[in-house]
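K.L.:
What would the 3D arrangement of this be:
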Amino acid sequence: MKNFTAHYVRFSGSTEWSCDPRQRDRGEAATACREFKTHGTTHPVCSFRRQRGPRWRLATPTSPSCPSGAPNSTAPTPRSAPTRSQPNGSPKPAPTVYHERTGDEIPVAPTIPVGIAAEHRSFDGTLWVSPDTFRAYVRETVASLAHHGFDRVVIVNGHGGNSNALREVTGTISREDAAYAVAFTWFESIDTEAEMGHGGPVETSLLHAVDDGLVRADELDAAAAGASEGWGEWVAGVNLAHDSDEFTDSGVVGDPREATADLGERLLDRSGEALADVLAAVGSREV
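P.N.:
Have a look, this model is predicted:
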């Protein structure tokens, strides 16, 4: 029985990364951790340290080939929220890229595809579930992982609308269930250097760093024209706006034209290091 612990995770400080099959064959280390942005959802796109052995994607193997967990086993679980609330980014699902880029010895659970995003419902194509449904789905998914021996789970999140529910449900899981769980939200874990916004300079910088082709340059002016300077409508510390279309016409907060690939590279490296630290800490924690 293999022991899939977070101790296998290592990130270099380089801004280069590769998924070259030749590297997998040699068991060499792929480098760095990327963030991939799609319509309000950004997820780390990671290449973990390569170890010899098969690639474990819990969404794809047949039962005999799927690894059982062991005490000390960690499974990252990507989490998505398909919002369609800004025009300037690629629609490719970020968790798909996360699955493609994670290393061989870290089992990656299937993406939870729909999250808490009712605040973006005025923008066509946005999907969402209720907080109760989301918490229940996350909890039961982690319970099924724990049943197979993966008793430590890091839920990788990039959507602010999920953050409160994830903090609550991971606490419940850790106190009451047969697993330990935490949520990793990249923009809560690092210095983003600029206001986070929504589809603004921070997230668009991440897109530039991953692949310039993912940025819809011809839509940047329109996105900026309909953007707001900040999130929400605040009076005396109270946000009067429940939905994002109450304060932004394009769904964007901040000016995406200010984005740079250099900023994206710095954010990607920081978030990769932060996620590696979390995985290592969770992997060594007594459960």
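
K.L.:
Tell me where the model's unsure across the stretch 1-150 of the chain.
P.N.:
For the stretch 1-150 of the chain, applying pLDDT under 70 flags the ranges 1-105.

K.L.:
Please enumerate the strands of the stretch 101-250 of the chain.
P.N.:
For the stretch 101-250 of the chain, the strands defined by DSSP state E, counting those that start in this stretch occupy 152-157, 180-185, 234-235, 238-239.

K.L.:
OK, contacts around the nearest residue to E188 once chain neighbours are set aside?
P.N.:
The shortest distance from E188 to any non-neighbouring residue, by Cβ to Cβ, 6 or more residues apart in numbering, is to S163 (7.1 Å). Bear in mind the C-beta positions are built from the backbone N, C-alpha and C, glycine included. Going by Cβ atoms under 8 Å, 6 or more residues apart in numbering, S163 touches N157, A183, T185, E188.

K.L.:
Tell me the one of these nearest E286?
P.N.:
Closest approach to E286 among the contacts of S163 (Cβ to Cβ): A183, at 19.8 Å.

K.L.:
Neighbours of the nearest residue to the closest one once chain neighbours are set aside, how many?
P.N.:
Distances taken as Cβ to Cβ, 6+ apart place L166 nearest to A183, at 3.8 Å, with adjacent residues excluded. Close neighbours of L166, defined as other Cβ atoms under 10 Å, add up to 23.

K.L.:
I'd guessed L166 sits against R139; true?
P.N.:
No: L166 is not in contact with R139 according to Cβ atoms under 8 Å; the separation is 10.6 Å.

K.L.:
winner for burial among the strands of the stretch 101-250 of the chain?
P.N.:
Mean neighbour count (mean count of other Cβ atoms under 10 Å) peaks for strand 152-157 among the strands of the stretch 101-250 of the chain, with a mean of 26.

K.L.:
now for it, which elements pack on it?
P.N.:
Using 3 or more Cβ pairs under 8 Å, 6 or more residues apart in numbering; DSSP states H and E, the elements in contact with strand 152-157 are strand 41-46, strand 74-78, helix 131-147, helix 163-176, strand 180-185, helix 261-283.
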